[in-house]
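Trainee: A structural model of the following input is requested.
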Amino acid sequence: MTGDPRHASERARPLILGTDVAAVRALAGALDGRLEWVPAAEGDAALETWRRRCASAAPCAQIVVALWSEIPPRGDTPLTDMDADMWETRAEAPLIAWSVALAAAASRCADGGAVVGVIEAPAALDAAGFAPEVGLAVAVRALARSLAASEGARGVRVNTVTTQARLGVEPLAPAPPLASFPGRVEREVAGAVRLLLSPDAAGITGGTLAADSGRAW
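Mentor: Presented below is the predicted three-dimensional model:
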């Protein structure tokens, strides 16, 4: 007895675990992905309820996690001028949401599948004023590497993509190698994600691709 081919086709599409913002919807559209919202701004109890529900749902072969704020972060506040509330809003609270979402994605990923986290982070040359985002990106990459190590035994690959496509950075000299800097979510970012989800990346796990037109070397 065979299953409904429509259901099989639906399951073959990437699952996007993301926040309800236009940039995440654009990424999902470019990847032809199925969107599932993560209640990142609704508190720890809502996140934990969502995590249990997500982890127990039908497994998926390809999962993308993209927890982006509705308003892109601004790089106009140096670390020396940041107060505790700003740091909590831009770094600590998002890190909790990321840890929950990545864990749920790994639990839900089918054996032999792939998870990709898409993180907003400026390259080192453009990082002034973005200390929370830089710290968050480093922490998320460490979480992804930990999951890559723990889930590799069942063939699951976990990688990350960093991008500054939404950050509105005015790059310092030298100029980025590609004139397309900072790239677009629908093209450069989606392309990097697509590569890491594909069978061509079968030997890549625990790594990071910078989708920033060559800004980060």
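Trainee: scan the protein for its longest helix.
Mentor: The residue-count maximum for a helix in the chain (DSSP state H) belongs to helix 131-151.
Trainee: so what touches that one?
Mentor: 73, 78-79, 82, 86-87, 90-91, 94-95, 98-99, 102-103, 106, 109, 115, 117, 119-122, 127, 156-160, 162, 167, 205-206, 208 (CB atoms under 8 Å, 6 or more residues apart in numbering). Quick note: C-beta positions are derived from backbone N, CA and C, even for glycine.
Trainee: tell me the mean pLDDT for it?
Mentor: Helix 131-151 shows a mean pLDDT of 97.
Trainee: and the residue nearest to residue 51 when sequence neighbours are not counted, how far from residue 55?
Mentor: Spatially, and ignoring its direct neighbours in sequence, residue 51 is nearest to residue 104 (4.6 Å; CB to CB, 6 or more residues apart in numbering). For residue 104, the distance to residue 55 equals 5 Å [CB to CB, to the nearest Å].
Trainee: those two: which is more packed in?
Mentor: Neighbour count, other CB atoms under 10 Å: between residue 104 and residue 55, residue 104 has more, with 24 against 14.
Trainee: just checking: what are the partner strands of the strand of greatest length in the chain?
Mentor: With secondary structure taken from DSSP state E, the chain has its longest strand at strand 109-120. In the sheet, strand 109-120 lines up against strand 60-66 (parallel), strand 157-163 (parallel) (DSSP bridges).
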